[in-house]
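# sequence plus the predicted model coming up.
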Amino acid sequence: MNHYLLTLATALTMMGAATNQVNAMEASRTNPFMAPYDTPYEIPPFDRISYDDYLPALKAGIAEQKKAVEAIVNNPEAPTFENTIVALDHSGPLLERVCLVFMALDESNSTPEMTAIGEEFYPLYSAHSDEISMNEKLFARIKTLYDNRDKMNYTKSQRLAIEKSYKDMVRNGALLNDADKAELKAINSRLSDLYLKFNKNLLTATNAFELVVDDKAKLSGLPETSIAVAAEEAAKRNMKGKWVFTLHAPSRLPLLQYADNRELREKMYKGYTTLASSGEYNNYPVIAEILKARIRKANILGFKNYADYMTDNVMAKNVKSAEELLMQIWKPAIARVDREVAEMQALSDKEGNNFTIALWDYYYYAEKVRKDKYNLDEGLVSQYFHVDSVRKGIFSMAKKLYGVTFTEIPDAPKYDPEVKVYDVTDADGKHVAVFMTDYYTRPSKRQGAWMSEFKGSFVTDDGKVERPIVYNVANFTRPTGNTPCLLSLDEVETMFHEFGHGLHGMLTRAKYKSQAGTNVDRDFVELPSQIHEHWAMEPELLKTYAHHYKTGEVIPDELIKKLDEADRKS
């Protein structure tokens, strides 16, 4: 055998051995979802989760819960709270693990791979949920408990759990005949597909939009931080020497608020308000199909329209009550906007302009009026609101109000390098929750800000108290080079608001999953968040966290007074 053949044979042997080793490793590898996590506080082991894990775990989780439900409905004993309600509450741990991770990352770290998985994931999950909701034997057991709830000595939480289980099953089709059940399942499957398509179009259209500026003179009025971010975005898109603005909030809002160039403001505003409304990513046909499906769904379930269906199970109870509340707010809000626009128009006229204030002028002239009336420049104010300082502010608030402390866990599992993870402990050092923050915008993240969880809070059958893993997501400007993440007043309020939701989830003491944290009426869930956002500008708290990002100077009393006056008089 010559030298070449010998070398080739050796290489092939090594390749074969390597392939066998990889195959053996894959065969011995355990899907991380298939058992409770072995991580601190059962944080999902994100570094061990691959795209290939989601669908097998989903299918296994569905099978596991089906088996558990079969055990419940075939139990020869009479229905009790423990063998029916509690058993159902604890029936799908594997399904819960995989759904909480996939649905979270599909919103914050969406990729083509995640979208492809979602096209199978969501319909499977929707069909399984329908199967449980319309299970006649399960409903019969729950109805027995519901019908006899006044005769039993249930606690308030037990009674609430029974009533919620019953009403949820009714709202999801348990009382329908077979034909209507079949149609409702088809509608839910269709809606699952439509929601997926809607969100895909929205994210794709958002990332496709770009407002390119090639003359720096057109950027007059914009803060240097915004200009620097736009320059970096242009460089990423192979347009070095230009500036690119996107529809993501950290790019969009400063341009609308500060850009002197009215044409740029108009293009940005129209780009945002017509997002996914034409062309390849047009969502209008999708919305039309969603509306038709929702109306039919409501009709099948005995409601005149979808609004009646949606208000039936919340605090408002009906459309009339919801509209009455909205109108109480709407009329004063319109009057206030009229006053604000009149002030803007007067200022614009004073500047010698000959145009009527348009929608794309609102943010720009609101800032000008604020500066003119209160000598308050938000660009200067934001220098006291570095994202890390505001994070300290929300933690200080929580410690002051509830005695809880946040300690970073730097080596904790995380789904993105920019995520920060904290151990939340009580005054006695006892673990309360895990809290995660994911604050910076990226193309794979949907717009907005929100709170959710990777693990709920509940008490197990054997009395063990499980504590939650809660996270906040936002879309703040990512630090770039020498440009830090400085928050606007609205963004500071947003951080406090979402942290209010987070506290709701972290501090919950409810025994049952279905009642823990934010598992409350949809129109009540905003109460803790709105309460806590009002602490953001409280003078005593401001002095603990609002420090100038360069000098460390505490926010001056004079500036606090201006913030207070602007808030009270606006």
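Arrived safely, thanks for sending.
# what about Arg29, how many residues nearby?
Counted by other C-beta atoms under 10 Å, the residues lying close to Arg29 total 12. Quick note: C-beta positions are derived from backbone N, CA and C, even for glycine.
# correction: Ser220
With other C-beta under 10 Å as criterion, Ser220 counts 11.
# pretty sure it sits against Arg262.
No - between Ser220 and Arg262 there is no contact under C-beta atoms under 8 Å: 11.2 Å.
# pull the contacting residues for the residue nearest in space to the middle of the chain.
Centroid check for the chain by C-alpha atoms, centre = their mean gives Trp450 as the closest residue, at 3.2 Å. By C-beta atoms under 8 Å, 6 or more residues apart in numbering, the residues touching Trp450 are 107, 472-473, 498, 501.
# which residue is the nearest non-sequential neighbour of Ile132?
Closest residue to Ile132 apart from its sequence neighbours, by C-beta to C-beta, 6 or more residues apart in numbering: Val69 at 6.0 Å.
# so what's the one you found up against?
Neighbouring residues of Val69 by C-beta under 8 Å, 6+ apart: 88, 91, 132, 135, 138.
# identify each buried residue in whichever helix or strand it is part of, please.
Assigned by DSSP states H and E, Val69 belongs to helix 51-73. If you call a residue buried by 16 or more other C-beta atoms under 10 Å, then helix 51-73 has these buried ones: 53-54, 57-62, 64-66, 68-69, 72-73.
# cool, stretch 37-56 as well?
By neighbour count on 16+ other C-beta under 10 Å, the buried set for stretch 37-56 is 37, 41-44, 46, 48-49, 53-54.
# can I get the contacts of Trp450 in JSON lines with distance to Val525 and pLDDT?
Below are these laid out as JSON lines (distance: C-beta to C-beta, whole Å; pLDDT from 0 to 100):
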{"residue": "Glu107", "distance to Val525": "18", "pLDDT": "96"}
{"residue": "Asn472", "distance to Val525": "15", "pLDDT": "98"}
{"residue": "Val473", "distance to Val525": "16", "pLDDT": "98"}
{"residue": "Glu498", "distance to Val525": "12", "pLDDT": "98"}
{"residue": "His501", "distance to Val525": "7", "pLDDT": "97"}
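# those residues in helices, which ones?
Secondary structure from DSSP state H places 107, 498, 501 of the contacts of Trp450 in helices.
# and the residue lying closest to Thr407 once chain neighbours are set aside, how far from Asn472?
The shortest distance from Thr407 to any non-neighbouring residue, by C-beta to C-beta, 6+ apart, is to Asp423 (4.9 Å). Asp423 is 16 Å from Asn472, where distance means C-beta to C-beta, to the nearest Å.
# before we move on, what about Ser108?
Distance from Ser108 to Asn472, by C-beta to C-beta: 11 Å.
# before we move on, what about Asp130?
In terms of C-beta to C-beta, Asp130 sits 31 Å off from Asn472.
# more neighbours: the two, which one.
Each of Asp130 and Asn472 has its neighbours counted (other C-beta under 10 Å); Asn472 has more, 24 against 19.
# so that one touches Phe496, yeah?
No - counting by C-beta under 8 Å, Asn472 sits too far from Phe496 to count as a contact (10.5 Å).
# can you give me the strands in this structure?
Per DSSP state E, the chain carries strands over the ranges 211-213, 243-245, 405-408, 420-425, 431-440, 450-455, 458-459, 465-466, 469-476.
# could you tell me the least trusted of those strands?
Note on the strands of the chain: strand 458-459 shows the lowest mean pLDDT, a mean of 90.
# so which elements touch that one?
Strand 458-459 is packed against strand 465-466, with contacts defined by 3 or more C-beta pairs under 8 Å, 6 or more residues apart in numbering; DSSP states H and E.
# which strands or helices does the strand it packs on pack on?
strand 458-459.
# farthest-apart pair in the buried residues of helix 51-73, please.
Farthest apart among the buried residues of helix 51-73 by C-beta to C-beta are Asp53 and Val73. That separation is 30.1 Å.
# out of the buried residues of helix 51-73, which comes closest to Gly173?
Closest to Gly173, out of all of these and judged by C-beta to C-beta, is Val69, at 15.9 Å.
# let me have the contacts of Val69 in JSON lines, extended by neighbour count and distance to Asp377.
Formatted as JSON lines, the contacts of Val69 follow (neighbours: other C-beta atoms under 10 Å; distance: C-beta to C-beta, whole Å):
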{"residue": "Leu88", "neighbour count": "21", "distance to Asp377": "56"}
{"residue": "Ser91", "neighbour count": "18", "distance to Asp377": "56"}
{"residue": "Ile132", "neighbour count": "19", "distance to Asp377": "56"}
{"residue": "Asn135", "neighbour count": "19", "distance to Asp377": "61"}
{"residue": "Leu138", "neighbour count": "22", "distance to Asp377": "61"}
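# including pLDDT and distance to Arg97, could these go into a markdown table?
Converted to a markdown table, the contacts of Val69 look like this (pLDDT from 0 to 100; distance: C-beta to C-beta, whole Å):
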| residue | pLDDT | distance to Arg97 |
| --- | --- | --- |
| Leu88 | 96 | 17 |
| Ser91 | 95 | 13 |
| Ile132 | 97 | 17 |
| Asn135 | 98 | 22 |
| Leu138 | 98 | 22 |
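# which member of those residues is positioned nearest Phe454?
Ser91 (19.2 Å).
# between the strands of the chain, which one is closest to Thr273.
The minimum distance between Thr273 and those falls on strand 211-213, with 13.8 Å, by C-beta to C-beta.
# so what's the predicted local confidence for Met315?
pLDDT, Met315: 84.
# no wait, Thr225
pLDDT, Thr225: 87.
# can you get me a residue count around it?
21.
# isn't it right next to Leu486, touching?
Yes - Thr225 is within contact range of Leu486, at 6.4 Å (criterion: C-beta under 8 Å).
# shared neighbours of these two, anything?
Contact criterion C-beta under 8 Å, 6+ apart; residues shared by Thr225 and Leu486: Thr477.
# can you give me every residue that contacts the closest residue to Ile227 other than its chain neighbours?
Spatial nearest neighbour of Ile227, excluding adjacent residues (C-beta to C-beta, 6+ apart): Leu219 at 5.5 Å. Listed by C-beta under 8 Å, 6+ apart, the contact partners of Leu219 are 213, 227, 230, 243, 259, 261.
# and the gap between Leu219 and His547?
In this view, Leu219 and His547 are 29 Å apart by C-beta to C-beta.
# likewise Pro556?
Taking C-beta to C-beta, one finds Pro556 at 11 Å from His547.
# more neighbours, those two?
More crowded of Pro556 and His547, by other C-beta under 10 Å: His547, with 21 against 13.
# quick one, grab the pLDDT at the more buried one.
Predicted confidence (pLDDT) for His547: 96.
# now do the contacts for it.
When contacts are counted by C-beta under 8 Å, 6+ apart, His547 touches 384, 386, 389, 553-555.
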